[in-house]
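Colleague: sequence below, structure please.
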Amino acid sequence: MLTVPAFIEPVRIALQQFGVDAADVKLAAQAENVTFKVVDKAGDAYTLRFHRPGYNELADLECERIWTRALAQAGIQVPEPIPARDGRNYLEIEVPNLAERRWVSLARWVEGEILLPIVRDAGTPLERLRGHFRELGAMIAAMHNQATRWQPPAGFRRRRLDADGLAGPDPLWGRFWEHEMLTPDESTLLAEMGKQLHAVLIQYGQENARFSVIHADLHPGNVLVNGDTLAAIDFDDTAFGWHMFDLAVALHQCQDLPHFPSIYAACLAGYCSVRSVAEEDLLMIPTFLLMRGLSEIGWFGDRPENTTPEEMMAMKDFVVAQCHTYRAGILTAEIDAFRHSSVAASESGML
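Modeller: Residues are numbered from 1 along each chain as shown. Predicted coordinates:
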């Protein structure tokens, strides 16, 4: 596990090159990326991020910044990037104690409360949750509107979360059917499910109206709430992918909540209030909810230090149960949620 002392000198060097005279530096998040909140002597706050080594190359990071700037110009709340003194967007800084070099970026600090604890707090009123998820759906739709109308510059590149990227022989986020916690029967089930979903996604297609640049990781932990305003953060996993996958990611961590259908309906109603969407696309959300669960098993399988065995077991059991449900053609809660969402969307005049 990374430790903060290893970053004391690298932080100092990075801030000097970004031209920030820091009065206070605090750890904001520590996982594969290590992120600090920096407050300068004028009281302005910034996010200083040491990006995970070996994930995104410089060209990919530069494209991430191109898109976030375009989103900001479209009126979407995202971190405002700050270049270094020499104009570079990213600096390569050595972290000697870890024997590695990392790309480092700076952005203005985005004020707000992370949505995930609000969702997980049993005392949060349902109407508040519905309001936040309606706004989240609307923000995702605005991002998709921008992406489908936008012409990326020549050389723009990001990963592709297409059928192969999600469910091919070597998915981008790991071979989910090989997780060590799976029984032989469960491993076979997940492998077969991957092949089935791969075929479904191939048939679904990649028309521009349903497939473009997406955030790809806009779960409630990457959403900030400031009053009635939401902001999207952490664009590390930005990719070319399906719009309904983006929506599924936003909803995935709420599936165990008793009022999930209501949250689902609010999120889709918010989406449909901003962007027209076909019923065929909405009906793909249960597929993408399952696909996200499978992807998370693969992701944590390659990064066991990021979860506990108990959490991993619960995640695995939930996804295995979903696979059985999906294979049986019974979508229960998902279908009920869709029915609720259809009514809400119809009332908004979008369906």
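Colleague: in stretch 93-104, what counts as buried?
Modeller: 93, 95, 98, 102, 103, 104 (16 or more other CB atoms under 10 Å). Placement of C-beta: from N, CA and C, glycine included.
Colleague: check stretch 33-51 too.
Modeller: Buried, per 16+ other CB under 10 Å, within stretch 33-51: 33, 34, 35, 36, 38, 39, 46, 47, 48, 49, 50, 51.
Colleague: and the third one, what does it touch?
Modeller: This points to residue 35. Counting by CB atoms under 8 Å, 6 or more residues apart in numbering, residue 35 touches 27, 28, 29, 47, 48, 49, 50.
Colleague: what residues are up against the closest residue to residue 284 other than its chain neighbours?
Modeller: Distances taken as CB to CB, 6 or more residues apart in numbering place residue 244 nearest to residue 284, at 4.8 Å, with adjacent residues excluded. Listed by CB under 8 Å, 6+ apart, the contact set of residue 244 reads 210, 281, 282, 284, 285, 288.
Colleague: can you point me to the longest helix in this protein?
Modeller: For the chain, the helix that runs over the most residues, judged by DSSP state H, is helix 126-149.
Colleague: can you map out the strands along the stretch 1-150 of the chain?
Modeller: 22-30, 34-40, 45-50, 81-82, 91-95, 100-108, 113-114 (DSSP state E, counting those that start in this stretch).
Colleague: quick one: which of those is nearest residue 303?
Modeller: Closest approach to residue 303 among the strands of the stretch 1-150 of the chain is made by strand 22-30 (13.5 Å; CB to CB).
Colleague: counting by contacts, list what the closest one packs against.
Modeller: Packing partners of strand 22-30 (3 or more CB pairs under 8 Å, 6 or more residues apart in numbering; DSSP states H and E): helix 8-18, strand 34-40.
Colleague: now stretch 145-160: how far from the chain's centre is it?
Modeller: 17 Å (CA atoms, centre = their mean, to the nearest Å).
Colleague: in that stretch, what's buried?
Modeller: 145, 146, 147, 148, 150, 152, 156, 158, 159.
Colleague: ok, stretch 264-281 next?
Modeller: 264-275, 277, 281.
Colleague: show only the entries of those residues found in helices.
Modeller: Using DSSP H, these in helices are 264, 265, 266, 267, 268, 269, 270, 271, 272, 281.
Colleague: which stretches of the stretch 201-350 of the chain have low pLDDT?
Modeller: Across the stretch 201-350 of the chain, residues meeting the criterion (pLDDT under 70) sit at 330-350.
Colleague: so residue 190 sits against residue 297, correct?
Modeller: Yes. With contact defined as CB atoms under 8 Å, residue 190 counts as touching residue 297 (7.3 Å).
Colleague: quickly list what's touching both of these two.
Modeller: By CB under 8 Å, 6+ apart, the residues touching both residue 190 and residue 297 are 176, 319.
Colleague: which of the contacts of residue 244 count as buried?
Modeller: 210, 281, 282, 284, 285, 288.
Colleague: let me see the ranges of the helices in the stretch 151-300 of the chain.
Modeller: Taking DSSP state H, counting those that start in this stretch as the test, the helices found in the stretch 151-300 of the chain are 163-167, 184-204, 243-252, 260-272, 279-282, 285-302.
Colleague: count the neighbours of residue 22 for me.
Modeller: 17 (other CB atoms under 10 Å).
Colleague: okay, residue 105: pLDDT?
Modeller: Residue 105 is assigned 97 on the pLDDT scale.
Colleague: beta partners of it?
Modeller: residue 49 (DSSP bridges).
Colleague: in stretch 220-233, which residues are buried?
Modeller: 220, 222, 223, 224, 225, 230, 231, 232, 233.
Colleague: quick one: low-confidence ranges for the stretch 1-150 of the chain?
Modeller: 1-3.
Colleague: tell me the domain boundaries of the protein?
Modeller: Taking automatic domain parsing as the reference, the chain has its domains at 4-108, 113-347.
Colleague: from the ones you listed, which stretch is densest packed?
Modeller: domain 113-347 (a mean of 18; mean count of other CB atoms under 10 Å).
Colleague: ok, back up a step: dump the buried residues of stretch 145-160 into a markdown table; add distance to residue 253 as well.
Modeller: Below are these laid out as a markdown table (distance: CB to CB, whole Å):
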| residue | distance to residue 253 |
| --- | --- |
| 145 | 25 |
| 146 | 25 |
| 147 | 23 |
| 148 | 26 |
| 150 | 28 |
| 152 | 30 |
| 156 | 30 |
| 158 | 23 |
| 159 | 22 |
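Colleague: show me the contacts for residue 135.
Modeller: Per CB under 8 Å, 6+ apart, neighbours of residue 135: 228, 229, 230, 270.
Colleague: for the residue nearest to residue 186 when sequence neighbours are not counted, give its distance to residue 264.
Modeller: In this structure, residue 186 finds its nearest non-sequential neighbour in residue 320, 5.4 Å apart by CB to CB, 6+ apart. Between residue 320 and residue 264 the computed distance is 22 Å (CB to CB, to the nearest Å).
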